[in-house]
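A.B. asks: coordinates only, sequence not included:
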């Protein structure tokens, strides 16, 4: 089969992190036994990624920030004399640049740098299967968004799913899988090649999408991704949730997004780039052009989030209220309630905040319930303090 | 935790244009706005990392996060660019967490906390029982691992930091990191097998 015997599990494990032996990579690709061992390791890693990550709620984070800055103010800086930012910063930056230059001169050659940034949707099951220059990301479940820088000679980036793979050439795209089956690919820019097993190969360009062909039995849509409440998640979640949900009716072809989807995606790009005003305007356009369209509730929610992230709290409050009034049955009701509750905490509107946290406490998602508990706790502490 | 108010000038848009290294260097000059911006940029990663190490309860974790940023500010001149600033800071957090965990009493508390968590979850009805069982087996395996092994696994496999960079940040030879990582992976894989048997 290959030129050498099967590697040990130790060697397979090491190959996940060290760029290395092309022969070993070829062997693993061709040997079902080694591939299975490697997949078991990767599967365990992917499952471990799904452990709760304990990212703090806004109130706790701000408490830590305040304490950090107070402590820092009370101790001398790392430099003997304090200088103004302009002078000190320039000097320090110059020092760092110099230090970096000197350090680089002494160091061993740098290992190949990764060309990929993976933005997982909450609950996505994935693992890095091989490092650069032949980077492979193994995906089982959920959605991931990938930013791939232009590749150099000899560099490759692939995403593997149980029944196919995607080869990338410097692009940004999203991949969704359900139960280790590839269900959708969507390209923001650049080109990717989709190689599903048992279906036609497809090459996608910017704005094009691929959907899995229908199977005999209807597919179960993926679970909606859980989202942290205080921090909006990465851009992929809403789009890819749609990809997974619509996979049943999909066909193996590339289709252009609708105008609403394009507007929505642009707004998401702006939100991810922290251009909050532009994002809020973009989601607002989706709402204005199609107030009862399939993306309206999502657009309403994310418009409010963009406003909140842009520190336009009064407008965010109004937007969240409008969202809750217009889409009372939205699956994001609990999440929106929790966020609005926190905004009211900040505004010292404790009674309204408490009512919203009670609503959020009924949400099916643990992250939302946890946020509601935190909020109620913050209110209780606040009232005890008075 | 102190709630003393500190006045500082926010960087605003300027901070987003600054490199991580520049922010770190600026914070070392005593500029609180730079430290604030550094906190904005990395607090999620540091909280998440310490949370995954299960190294402390929430209050202690907050203190560890704060200590990580203070130590980064104090030690900025030691940063040589052998890894990204984020990885370097996670290395600091790992060392602080190790110090925190020293002592059998704390270790016992850690296990007790975990057992409490298990009881709470076991009582909660949920259709995804099997998945939860797997996750709790994994969590149990990670809690039971020696600190350095857990750090290697969290850094490389959960935070997706390349092994070479992680080894530099932790100040250990690459071979040591590989060994720790492999032992940790075997433990996690065994936990998954146990839960799915």
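C.D. replies: Arrived safely, thanks for sending. Remember, it's a predicted structure, so these values are computed and weren't measured experimentally.

A.B. asks: how near is residue B:196 to chain A?
C.D. replies: If you measure residue B:196 against chain A using CB to the nearest CB, to the nearest Å, the figure is 10 Å. Just so you know, the C-beta spots here come from the backbone N, C-alpha and C atoms, and that holds for glycine as well.

A.B. asks: list phi and psi for that residue.
C.D. replies: The phi/psi pair for residue B:196 (degrees, to the nearest 10) reads phi -100, psi 0.

A.B. asks: what about chain B, any weak spots by pLDDT?
C.D. replies: For chain B, the stretches flagged by pLDDT under 70 are B:1-17, B:54-56, B:102-130.

A.B. asks: look at the closest residue to residue B:144 other than its chain neighbours and say how many residues are nearby.
C.D. replies: The spatially closest residue to residue B:144, leaving aside those adjacent along the chain, is residue B:187, at 7.5 Å (CB to CB, 6 or more residues apart in numbering or on different chains). Neighbourhood size, residue B:187 [other CB atoms under 10 Å in any protein chain shown]: 19.

A.B. asks: then residue A:205?
C.D. replies: When neighbours are defined as other CB under 10 Å, residue A:205 has 12 of them.

A.B. asks: skip the chain neighbours and tell me the closest residue to it.
C.D. replies: Once flanking residues are discounted, residue A:205 sits nearest to residue A:191: 5.5 Å by CB to CB, 6+ apart.

A.B. asks: quick check: that neighbour touching residue A:173?
C.D. replies: No: the pair residue A:191 and residue A:173 does not pass the contact test of CB atoms under 8 Å, sitting 9.2 Å apart.

A.B. asks: who has more neighbours, those two?
C.D. replies: residue A:173 (27 against 16).

A.B. asks: quick check, the more buried one in a strand?
C.D. replies: Yes: secondary structure assignment places residue A:173 in a strand (DSSP: H, G, I helix; E, B strand; the rest coil).

A.B. asks: any idea of the pLDDT on it?
C.D. replies: Reading off the per-residue confidence, residue A:173 sits at a pLDDT of 83.

A.B. asks: roughly how far does residue A:200 sit from residue A:290?
C.D. replies: Distance, residue A:200 to residue A:290, using CB to CB, to the nearest Å: 33 Å.

A.B. asks: which of those two has more neighbours?
C.D. replies: Remark: of residue A:200 and residue A:290, residue A:290 carries more neighbours, 17 against 10, as counted by other CB under 10 Å.

A.B. asks: identify the residues contacting the more buried one.
C.D. replies: If a contact means CB atoms under 8 Å, 6 or more residues apart in numbering or on different chains, then residue A:290 has A:260, A:296 as its contacts.

A.B. asks: what's the distance between it and residue A:304?
C.D. replies: Note on residue A:290: its distance to residue A:304, by CB to CB, is 18 Å.

A.B. asks: the stretch 1-150 of chain A: strands as residue ranges?
C.D. replies: Using DSSP state E, counting those that start in this stretch, the strands assigned to the stretch 1-150 of chain A run over residues A:116-120, A:125-130, A:134-148.

A.B. asks: out of those strands, which gets nearest to chain B?
C.D. replies: Between chain B and those, the shortest separation by CB to the nearest CB is 5.6 Å, and it involves strand A:125-130.

A.B. asks: how about that closest one: buried residues?
C.D. replies: If you call a residue buried by 16 or more other CB atoms under 10 Å in any protein chain shown, then strand A:125-130 has these buried ones: A:125-130.

A.B. asks: show me which of these neighbour chain B.
C.D. replies: Within the set of those, contact with chain B (CB under 8 Å from any CB of the partner chain) is found for A:127-128.

A.B. asks: make a markdown table out of the buried residues of strand A:125-130 and add pLDDT.
C.D. replies: Shown next, in a markdown table, are these (pLDDT from 0 to 100):
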| residue | pLDDT |
| --- | --- |
| A:125 | 80 |
| A:126 | 85 |
| A:127 | 85 |
| A:128 | 84 |
| A:129 | 83 |
| A:130 | 80 |
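
A.B. asks: and residue A:210, helix, strand or coil?
C.D. replies: Classification of residue A:210 using three-state DSSP returns strand.
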